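Engineer: Turn this into a structure:
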Amino acid sequence: MTFKRLALASLLAVAAFGAQAADKYNIDPTHTQVEFTYSHMGFSNITGRFDTVQGEFLFDPANPTQSSVNITIPVESLSTGVEKLDEHLLKADFFDAATYPTATFKSTGVTAAGDNALKVAGDLTIHGVTRPVVLDVTINKIGEHPMAKVPAAGFDATTTILRSDYGVGGYVPVVGDEVRIDITVEATLAK
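Structural biologist: Predicted coordinates:
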């Protein structure tokens, strides 16, 4: 009977350790940005961003490959700094925000890619179309947040997609099909 109790206690301890290995972090929306850049007729490279990023990620500083992320971006938070362009991008020939109000990213795997570098594979959904992408991630800093006095994590990530793959191909090829996405995230450990 003692052996059974010891075995059960060991299994519970292992299960508890596994469950606690990756901690939940809350994204700081005031220090998180998702930007996109595309070519406008070859003359300029226009940059816009989404001002609202919602979601969560589980992060294990000791083993980042056990981490995961699930993000939702309200498309109407799009901002290029040009009001008429923002209105046009939200219409049916681009994002069609009335029909497809959110873009999402859900990770499917994380692999190490060198010092402070990860590859985060996942499913990106834009305009109702889901496709696999890989984010090249740099771990900027892991440590105590000097103001909040709680564990914090910061990352930069980038990927390039073809917008036509997502049904957002208005004016291709005059307006570039290739879109670079740059992300910076600051987050603190959830209480």
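Engineer: Residue ranges in this protein under the pLDDT threshold?
Structural biologist: Applying pLDDT under 70 to the chain flags residues 1-20.
Engineer: all strands for it, in order.
Structural biologist: 23-27, 33-40, 44-50, 54-59, 68-74, 78-79, 102-112, 117-126, 129-144, 151-162, 178-189 (DSSP state E).
Engineer: how about these in CSV, adding distance to Lys91 and mean neighbour count?
Structural biologist: The way it works is simple: take the backbone N, C-alpha and C, and place the C-beta from them, glycine included. Compiled in CSV, the strands of the chain are given as follows (distance: least, CB to CB, whole Å; neighbours: other CB atoms under 10 Å):
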stretch, distance to Lys91, mean neighbour count
strand 23-27, 28, 16
strand 33-40, 16, 17
strand 44-50, 15, 15
strand 54-59, 23, 18
strand 68-74, 16, 18
strand 78-79, 11, 20
strand 102-112, 16, 16
strand 117-126, 15, 18
strand 129-144, 17, 14
strand 151-162, 20, 18
strand 178-189, 17, 18
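Engineer: would JSON lines of those strands with distance to Leu89 be doable?
Structural biologist: Below are the strands of the chain laid out as JSON lines (distance: least, CB to CB, whole Å):
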{"stretch": "strand 23-27", "distance to Leu89": "24"}
{"stretch": "strand 33-40", "distance to Leu89": "10"}
{"stretch": "strand 44-50", "distance to Leu89": "7"}
{"stretch": "strand 54-59", "distance to Leu89": "20"}
{"stretch": "strand 68-74", "distance to Leu89": "14"}
{"stretch": "strand 78-79", "distance to Leu89": "6"}
{"stretch": "strand 102-112", "distance to Leu89": "12"}
{"stretch": "strand 117-126", "distance to Leu89": "12"}
{"stretch": "strand 129-144", "distance to Leu89": "17"}
{"stretch": "strand 151-162", "distance to Leu89": "15"}
{"stretch": "strand 178-189", "distance to Leu89": "12"}
